[in-house]
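**Student:** model this:
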Amino acid sequence: MREKITAIIASTLLFINVIFWCSLLFMLTPIKFILPEIVVRKVMDPIFSAIASAWISCNSGWMKLTQGTLWDIEIPDNLNPKGWYFVSANHQSWVDILVLQHVLNGKIPFLKFFLKQELIRVPIMGQAWWALDFPFMKRFSKSYLKKHPEMKGKDIETTQNACKKFKYIPTSVMNFFEGTRFTPEKHVKQQPPYKHLLNPKSGGFAFALNAMGDKFQSLLDCTIVYPEGIPSFADFMHGKIPKIIVRIREVPIPADFCHGDYENDAEFKHQFQSWVSDIWKQKDKEIDDLYKQECLIEDNQAQAGHLNY
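**Tutor:** Residues are numbered from 1 along each chain as shown. Okay, here's the model as predicted:
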């Protein structure tokens with residue numbers, strides 16, 4: 001019964017929050033079609049980012065009110081709200097997005113996620129993401145490109161055009177390298193060299209770097225662990241996530257990676273993929289260590305309880 005009440009309260013507050021902030025966004029969005037591009041980027045974009053940050057702060061508010069989650073967070077102290085960052089994390093659940101927004105809001109510029117083109121059709125939220133200039137990516141399969149060779153490179157062009165909008169004001173761009181949520185079935189199908197991760201896809205990151213030049217200061221490598229198991233969004237709304245562990249480290253981006261040709265330079269592509277693979281190996285080990293640490297804590301608590309008994 002308590003979980004149902006929690007879900008009702010959380011859902012109501014989430015709905016009110018979405019309607020309020022989306023209404024404000026939609027009222028201001030037409031102005032972007034009237035003003036010159038440079039004015040939109042330098043004047044309107046900071047206003048829209050401030051609205052989005054306030055929206056996230058309200059999300060954090062109802063999360064604290066309705067969730068009894070224990071947060072275990074380690075994050076660099078020197079993050080800059082006026083810097084440029086590329087952010088990536090392991091992807092397990094829709095809850096990951098709320099986690100990253102909650103942890104990073106106010107510490108770095110407002111997070112803008114790479115989204116699948118189909119998500120623009122999501123009622124209200126799809127239009128809000130579009131108004132906030134989230135980069136929408138349209139992926140083409142190899143079979144489709146064989147039939148339509150003229151579409152080759154269009155996804156890259158779309159990514160680069162989207163990222164060019166972010167050159168004028170400090171921005172954080174978020175991309176899940178795995179490209180999809182982790183599931184045991186996908187892990188078995190891919191057979192990756194990682195215990196807790198799927199294979200990373202580094203193309204989107206490389207194209208964003210190429211479009212932004214040397215604007216990105218560093219990569220924020222975020223690791224999210226749910227010790228009690230990967231939750232669904234419904235689990236989150238019902239307050240069923242006892243603990244969330246977040247570890248964030250800042251990784252310098254090699255200067256030559258900002259100007260390489262990922263699409264046509266095989267050597268550069270190999271170097272870039274190797275760099276991302278090394279990051280992924282460290283992340284996989286960190287996740288494994290965190291799970292072992294949690295098991296050790298649980299064992300110690302169980303032993304203490306037994307002794308007290």
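**Student:** CA atoms for contacts and neighbours, from now on please.
**Tutor:** Fine.
**Student:** Could you say which helix or strand holds N264?
**Tutor:** In this structure, N264 sits in neither a helix nor a strand according to DSSP states H and E.
**Student:** okay, now it: neighbour count?
**Tutor:** 9 (other CA atoms under 10 Å).
**Student:** Any buried residues in the strand or helix carrying D96, and which?
**Tutor:** Assigned by DSSP H and E, D96 falls within helix 95-104. Neighbour counts over helix 95-104 (16 or more other CA atoms under 10 Å) mark 95-96, 98-104 as buried.
**Student:** Name the residues that touch that helix?
**Tutor:** Residues outside helix 95-104 that contact it (CA atoms under 8 Å, 6 or more residues apart in numbering) are 56-57, 59-60, 73, 111, 224, 231-233, 236.
**Student:** same question, stretch 235-248
**Tutor:** 3-4, 6-7, 10-11, 66-76, 95, 220-228, 231.
**Student:** what's the answer for stretch 189-202, then?
**Tutor:** Residues contacting stretch 189-202 (CA under 8 Å, 6+ apart): 90, 177-179, 182, 186-187, 272-273, 276-277, 280-281, 284, 287-288.
**Student:** ditto for stretch 43-52
**Tutor:** If you take CA under 8 Å, 6+ apart as the criterion, stretch 43-52 is touched by 21, 25, 32, 110, 132, 169.
**Student:** give me that answer again for 7 Å
**Tutor:** With contact meaning CA atoms under 7 Å, 6 or more residues apart in numbering, stretch 43-52 is reached by 110, 132.
**Student:** What count of nearby residues applies to M63?
**Tutor:** Other residues close to M63 by other CA under 10 Å number 20.
**Student:** Wait, a helix at it?
**Tutor:** Yes. The assignment for M63 (DSSP: H, G, I helix; E, B strand; the rest coil) places it in a helix.
**Student:** Which helix or strand contains the closest residue to it other than its chain neighbours?
**Tutor:** Leaving aside its sequence neighbours, M63 sits nearest to A10 (CA to CA, 6 or more residues apart in numbering; 7.4 Å). Using DSSP H and E, A10 sits within helix 2-28.
**Student:** what packs against that helix?
**Tutor:** If you count contacts as 3 or more CA pairs under 7 Å, 6 or more residues apart in numbering; DSSP states H and E, helix 2-28 packs onto helix 45-66, helix 233-237.
**Student:** what is the orientation angle of it with helix 45-66?
**Tutor:** 170 degrees (axes from the mean of the first three to the mean of the last three CA atoms, to 10 degrees).
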